[in-house]
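Participant: Sharing a model prediction with you, sequence too.
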Amino acid sequence: MDIRRMRLDEPSDHTISEERDEYARDYARLIQSPAVRRLQGKSQVFGAGTGDYYRTRLTHSLEVSQIAREVARRLQRQYPLLTTGEHPGLMMDPDVVECAALAHDLGHPPFGHKGEEILNQLLTAHAGLPYEGNAQNFRILMFLEKRAGSGSGLDLTAAVLLAINKYPHSMREPGRLKGVYPSEWEAIERLRALWGMPEGCGTLETQLMDLCDDIAYSTHDIEDGIRAGKIPMDRAFFEDDRLIESVVLEIENDAGNAALRWSEVEIPQMVKRVLAAYVEQWGELYRLCEREPSRTRREMKARWVSRFASAVGVLDDPDRAWKQVTFVTDGAQDFELLRTMEILKKLAWVTLVKDFRVQRLQKRSEIRIRRLWDSFIVPEQGRLILPPDWVDNYELHKREWSWPRLVADYISGMTDAYAEKVYTELFAGRSGSIYEMD
């Protein structure tokens with residue numbers, strides 16, 4: 001048995017095309033799933049539908065998958081270990097990484113980070129259950145998505161499921177803010193045990209997917225911010241004390257940053273240095289691109305993606321007796337480049353998400369989600385206005401599927417536009433045809 005290509009619930013009477021690899025089947029199942037299609041209507045930074053230029057969750061996921069696939073190909077050539085099969089978690093298959101990157105954001109609800117925050121508050125308050133985007137990925141892939149003959153959602157291969165699993169923990173464990181819901185963790189834990197995965201460690205494929213997600217976030221989102229005018233490309237903006245202080249504060253308050261060894265540098269000085277170099281590079285490229293902003297934006301993005309992607313390597317992780325995918329220079333982990341990427345990520349965060357106009361939109365989104373929740377959360381009322389197939393599915397699984405979890409599942413699966421549509425039908429007094437298709 002190939003434990004990387006095994007599936008949890010492959011029906012015995014399935015039809016297999018011998019011309020297709022198992023990972024190609026995974027890719028087809030993902031790309032044709034409603035969950036992936038809905039990503040085109042979910043916010044990345046700017047609201048989906050804001051304009052025809054800005055990224056959505058779908059275009060972001062496609063870009064992450066492209067970067068990850070190309071890096072995986074290079075790493076295969078560079079590190080023979082990744083193809084020997086010495087350990088199933090120490091392999092690097094470009095097809096697996098591509099699938100994982102395509103699916104890594106499926107669990108995000110409408111309206112971006114604010115939607116996730118509010119759903120978590122509501123579900124916790126009503127049922128003592130968490131809502132978390134990474135955990136919701138597995139609920140979608142292993143339960144909510146349907147394919148004929150499968151009781152395990154899309155029934156993806158073990159390699160792809162574990163490549164998506166950035167946080168290999170059950171959310172039942174005390175203090176876990178990210179992980180996998182207990183309902184799906186049992187199967188994931190079983191796969192990890194079969195593979196002999198060290199506790200708390202992700203496969204090299206999931207590590208690469210996660211790093212490429214950061215690469216995309218720190219380059220593509222900034223490109224969108226420049227295009228939107230939220231990041232003015234002039235020296236005065238990049239030298240503004242308030243901007244520098246905001247970036248520094250985000251770094252200092254991020255508990256996940258400890259591994260970057262910020263104590264080894266003066267954070268304000270490094271932030272100033274990175275921002276100054278960034279705007280100086282813009283000026284040089286602006287002249288090379290004949291003072292055309294759109295060309296300059298694309299060239300900046302391309303150069304930074306190339307710089308980060310070309311530095312990705314694999315090192316020993318002696319603390320965990322495992323391997324680590326990270327930035328590598330001269331055979332050692334490149335903390336300088338890791339910190340540089342983190343500064344660019346924080347630049348995007350403070351200039352885009354923390355912008356007061358974006359915060360106003362997020363406040364509106366919060367109101368929408370809270371009122372939708374209130375409309376559905378009373379079962380006797382919710383049954384009348386939820387789609388019948390959702391109610392029928394709940395009746396089949398209500399022993400392990402509480403009503404508040406059903407409501408969270410339904411709302412989280414909405415696109416931004418569909419959430420607005422349902423909200424309008426319920427609260428805006430707009431008259432419309434009952435024959436409109438959902």
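Facilitator: Done, it's in.

Participant: biggest helix in this protein by residues?
Facilitator: helix 204-227 (DSSP state H).

Participant: Could I get the phi/psi values of the spatially most central residue of the chain?
Facilitator: With distances taken as CA atoms, centre = their mean, the residue of the chain nearest its centroid is residue 105 (3.5 Å). The phi and psi values for residue 105, taken as degrees, to the nearest 10, are phi -110, psi 10.

Participant: So which elements touch the longest helix of the chain?
Facilitator: helix 57-78, helix 94-103, helix 158-164, helix 293-310, strand 312-317, strand 322-329, helix 335-348 (3 or more CB pairs under 8 Å, 6 or more residues apart in numbering; DSSP states H and E). To be clear about C-beta, it is placed using only N, CA and C from the backbone, and glycine gets the same treatment.

Participant: okay, those in a markdown table with mean neighbour count, mean pLDDT and distance to residue 6 next?
Facilitator: Listed next are these as a markdown table, based on neighbours: other CB atoms under 10 Å; pLDDT from 0 to 100; distance: least, CB to CB, whole Å:
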| stretch | mean neighbour count | mean pLDDT | distance to residue 6 |
| --- | --- | --- | --- |
| helix 57-78 | 20 | 96 | 21 |
| helix 94-103 | 28 | 97 | 13 |
| helix 158-164 | 28 | 98 | 5 |
| helix 293-310 | 17 | 96 | 31 |
| strand 312-317 | 17 | 97 | 25 |
| strand 322-329 | 20 | 97 | 22 |
| helix 335-348 | 21 | 96 | 35 |
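
Participant: could I get those as a markdown table with distance to residue 143?
Facilitator: Compiled in a markdown table, these are given as follows (distance: least, CB to CB, whole Å):
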| stretch | distance to residue 143 |
| --- | --- |
| helix 57-78 | 20 |
| helix 94-103 | 14 |
| helix 158-164 | 13 |
| helix 293-310 | 34 |
| strand 312-317 | 33 |
| strand 322-329 | 29 |
| helix 335-348 | 32 |
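
Participant: To residue 267, which of the ones you listed lies closest?
Facilitator: helix 335-348 (8.8 Å; CB to CB).

Participant: next SSE after the closest one?
Facilitator: helix 356-376 (DSSP states H and E).

Participant: same question for that following helix, mean pLDDT?
Facilitator: Averaging pLDDT along helix 356-376 gives 89.

Participant: That one: which residues count as buried?
Facilitator: 358, 361-362, 365-366, 368-369, 372-373, 375-376 (16 or more other CB atoms under 10 Å).

Participant: How many neighbouring residues does the spatially closest residue to residue 358 that is not a sequence neighbour have?
Facilitator: Of all residues not flanking residue 358 in the chain, residue 352 sits nearest, at 6.4 Å (CB to CB, 6 or more residues apart in numbering). Look at residue 352: counted by other CB atoms under 10 Å, it has 19 neighbours.

Participant: separation between residue 352 and residue 222?
Facilitator: 9 Å (CB to CB, to the nearest Å).

Participant: Need the residues touching each of these two.
Facilitator: Common neighbours of residue 352 and residue 222, counting by CB atoms under 8 Å, 6 or more residues apart in numbering, are residue 231.

Participant: Please produce TSV containing the buried residues of helix 356-376, extended by distance to residue 403.
Facilitator: Compiled in TSV, the buried residues of helix 356-376 are given as follows (distance: CB to CB, whole Å):
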residue	distance to residue 403
358	33
361	30
362	27
365	23
366	22
368	21
369	17
372	15
373	12
375	13
376	9
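
Participant: wait, doesn't the residue nearest to residue 358 sit right on residue 221?
Facilitator: Yes. Counting by CB atoms under 8 Å, residue 352 touches residue 221, with 6.6 Å between them.

Participant: separation between residue 106 and residue 332?
Facilitator: 35 Å.

Participant: what about the two, which has more around it?
Facilitator: Ranked by neighbour count (other CB under 10 Å), residue 106 and residue 332 place residue 106 first, with 28 against 11.

Participant: May I have the phi/psi pair for the closest residue to residue 132 other than its chain neighbours?
Facilitator: Excluding the flanking residues, the one nearest residue 132 by CB to CB, 6+ apart is residue 178, at 5.7 Å. Main-chain torsions, residue 178, degrees, to the nearest 10: phi -140, psi 150.

Participant: My guess is residue 178 contacts residue 138. True?
Facilitator: No. At 11.9 Å, residue 178 does not count as touching residue 138 under the criterion of CB under 8 Å.

Participant: So the two - more neighbours on which side?
Facilitator: The neighbour comparison of residue 178 against residue 138 (other CB under 10 Å) goes to residue 138, with 25 against 14.

Participant: Secondary structure element holding that one?
Facilitator: Short version, using DSSP H and E: residue 138 is in helix 133-139.

Participant: What residue spans form the domains of this structure?
Facilitator: Using automatic domain parsing, the domain parsing of the chain gives 22-195, 231-354, 359-424.

Participant: winner for burial among these?
Facilitator: domain 22-195 (a mean of 20; mean count of other CB atoms under 10 Å).

Participant: Give me the distance from it to the chain's centre.
Facilitator: 7 Å (CA atoms, centre = their mean, to the nearest Å).

Participant: Between the two ends of it, how far is it?
Facilitator: End-to-end distance for domain 22-195: 18 Å, by CA to CA, to the nearest Å.

Participant: who touches residue 36 in this structure?
Facilitator: Contacts of residue 36 (CB under 8 Å, 6+ apart): 30, 58, 61, 102-103, 106.

Participant: I'd like the average pLDDT over whatever helix or strand it lives in.
Facilitator: Secondary structure assignment for residue 36, by DSSP H and E: helix 34-38. On average, the pLDDT along helix 34-38 is 95.

Participant: any idea how far residue 166 is from residue 172?
Facilitator: Taken as CB to CB, the span from residue 172 to residue 166 is 18 Å.

Participant: Check residue 291 too.
Facilitator: Where residue 166 is concerned, residue 291 sits at a distance of 41 Å (CB to CB).

Participant: re earlier: let's have the domains of the chain in CSV, adding distance to residue 209.
Facilitator: Listed next are the domains of the chain as CSV, based on distance: least, CB to CB, whole Å:
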stretch, distance to residue 209
domain 22-195, 5
domain 231-354, 9
domain 359-424, 21
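
Participant: out of these, which comes closest to residue 212?
Facilitator: So among these, domain 22-195 is nearest, using CB to CB, at 4.0 Å.

Participant: Quick one: residues contacting residue 392.
Facilitator: If you count contacts by CB under 8 Å, 6+ apart, then residue 392 has nothing around it.
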